[in-house]
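Undergrad: Only the shape, not the letters, is given here:
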């Protein structure tokens, strides 16, 4: 792999036929073939969402020499609201893998009640794509079928809104068929009316998620294991396939990350049944990461096992360098909910980070 350029810019060129080794946590390294020179294009910047996932327009930028050469390469994954009006999962997945992106994370909303009193967290009108979002497991199944190395994740799964026995089967099947590429990003939601239609009592949703994760861990265990919790139970059962990753500490199942705002309750749940944290937007990590790391150590977890993945980020060289200084190895950047042309322009603009 050659490094060249001028004025402090870095251009990476992969000779045709070279194998570039990339790591995805919890599975064997595989080689993918790179044959295109990475370059920053001058196409017009795509429309990017504002508010909760970042303010202002998205502008393509180039990585500086200091950010690009500092430490091991950071994995860059993407997230996007895929809908019936956007690029298809298969087209996007192929493009991401060909261009060297580490993964694809998809959000979840089953429906958006028309009579909704819950305010949109970013303020203003709820963007159109929230009510048109594809089922993430179906879409990721399509993505898995046309790729070999691309990581696949949810960002986030609304666990409280699922039957845990059905969800355990969906997750294990996707992880099995993809060769262990699945990351379960889970969260607690913000839309009270959506959750209520699923029979979820808002005040107890965090404990409900904790309980459902416990039940799923029982089904994912190597031996038939019963579970009897405050909200649900399951008999000792034969339940295959199993997730590819082996148990690690208290965690059973695929790589598991919890999304949400920093706080003692969230950090306690991360330490209890997850591999790490999906902080939305990635702000305030200098202050919150030491607190999480202390809670992680107090829970007896191995310090090097903690994974923190800033999510729905609008990247810049300085921001990625800051994350690298904090020991972060993966960042999920935001794509606009657009058709093929808009998505490809955004991927072109992100090329210098990959």
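TA: In hand now; what should we look at? These figures come from a predicted structure and were not determined experimentally.
Undergrad: which other helices and strands contact the helix or strand harbouring residue 186?
TA: Assigned by DSSP states H and E, residue 186 belongs to strand 182-187. With contacts taken as 3 or more Cβ pairs under 8 Å, 6 or more residues apart in numbering; DSSP states H and E, strand 182-187 sits against strand 103-106, strand 151-154, strand 157-158, helix 164-177, strand 255-259. Glycine gets a C-beta too; all of them are placed from N, C-alpha and C.
Undergrad: could I get those as TSV with mean pLDDT?
TA: Shown next, in TSV, are the helices and strands packed on strand 182-187 (pLDDT from 0 to 100):
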stretch	mean pLDDT
strand 103-106	98
strand 151-154	98
strand 157-158	98
helix 164-177	98
strand 255-259	98
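Undergrad: how about the helices of the stretch 1-150 of the chain, start to end?
TA: 65-68, 89-99, 136-145 (DSSP state H, counting those that start in this stretch).
Undergrad: Nearest to residue 308, out of the ones you listed?
TA: For residue 308, the closest of these is helix 65-68, at 18.5 Å, according to Cβ to Cβ.
Undergrad: average pLDDT for the closest one?
TA: Throughout helix 65-68, pLDDT has a mean value of 34.
Undergrad: per-residue pLDDT, residue 27?
TA: Value for residue 27, per-residue pLDDT: 38.
Undergrad: same deal with residue 149?
TA: Looking at residue 149, the pLDDT reads 98.
Undergrad: That one contacts residue 96, correct?
TA: No: the pair residue 149 / residue 96 is not scored as a contact, 10.0 Å apart, by Cβ atoms under 8 Å.
Undergrad: before we move on, the earlier item: of the helices and strands packed on strand 182-187, which is nearest residue 324?
TA: Going by Cβ to Cβ, the one of the helices and strands packed on strand 182-187 nearest residue 324 is strand 103-106, 18.0 Å.
Undergrad: Packing partners of the closest one?
TA: strand 75-79, helix 89-99, helix 136-145, strand 151-154, strand 182-187, strand 330-334.
Undergrad: Provide the contact partners of that strand at residue level.
TA: 24, 75, 77-80, 82, 92-93, 96, 133-134, 136, 139-140, 143, 150-155, 181, 183, 185, 311, 330, 332 (Cβ atoms under 8 Å, 6 or more residues apart in numbering).
Undergrad: If we use 7 Å, what do you get?
TA: Identification of contacts with strand 103-106 by Cβ atoms under 7 Å, 6 or more residues apart in numbering yields 77-79, 82, 92-93, 96, 136, 139-140, 143, 150-155, 185, 332.
Undergrad: Which strand or helix spans the nearest residue to residue 295 once chain neighbours are set aside?
TA: In this structure, residue 295 finds its nearest non-sequential neighbour in residue 267, 4.6 Å apart by Cβ to Cβ, 6 or more residues apart in numbering. Assigned by DSSP H and E, residue 267 belongs to helix 264-273.
Undergrad: tilt between that helix and strand 182-187?
TA: 150 degrees (axes from the mean of the first three to the mean of the last three Cα atoms, to 10 degrees).
Undergrad: tell me the mean pLDDT over helix 264-273?
TA: Computed over helix 264-273, the average pLDDT equals 98.
Undergrad: Which elements pack onto that helix?
TA: helix 205-220, strand 255-259, helix 285-298 (3 or more Cβ pairs under 7 Å, 6 or more residues apart in numbering; DSSP states H and E).
Undergrad: what's the last one in contact with?
TA: Outside of helix 285-298, the residues within contact range by Cβ under 7 Å, 6+ apart are 262, 267-268, 270-271, 277, 279, 303, 306, 308, 326.
Undergrad: Report the distance from the helix or strand following it to the chain centre.
TA: Under the assignment DSSP H and E, the closest C-terminal helix or strand after helix 285-298 is strand 307-308. Put simply, strand 307-308 sits 11 Å off its chain's centre (Cα atoms, centre = their mean, to the nearest Å).
Undergrad: Now do the following helix or strand past strand 307-308 against helix 285-298, angle only.
TA: Using DSSP H and E, the helix or strand that directly follows strand 307-308 along the chain is helix 317-325. Inter-element angle recorded for helix 317-325 and helix 285-298: 20 degrees (by the same axes, to 10 degrees).
Undergrad: Flag every buried residue along helix 317-325.
TA: Neighbour-count burial for helix 317-325 flags 317, 319-324 (criterion: 16 or more other Cβ atoms under 10 Å).
Undergrad: Next, format those as TSV and append distance to residue 348 and pLDDT.
TA: Conversion of the buried residues of helix 317-325 to TSV gives the following (distance: Cβ to Cβ, whole Å; pLDDT from 0 to 100):
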residue	distance to residue 348	pLDDT
317	17	95
319	19	96
320	18	96
321	22	96
322	24	96
323	22	97
324	23	96
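Undergrad: which stretches of the chain have low pLDDT?
TA: Flagging of the chain using pLDDT under 70 yields the residue ranges 1-72.
Undergrad: ok, back up a step: so what does the helix or strand just after the helix holding residue 267 touch, helix or strand wise?
TA: Once the chain leaves helix 264-273, the next helix or strand it forms, by DSSP H and E, is strand 276-278. Applying 3+ Cβ pairs under 7 Å, 6+ apart, we find strand 276-278 packed against strand 255-259, strand 307-308.
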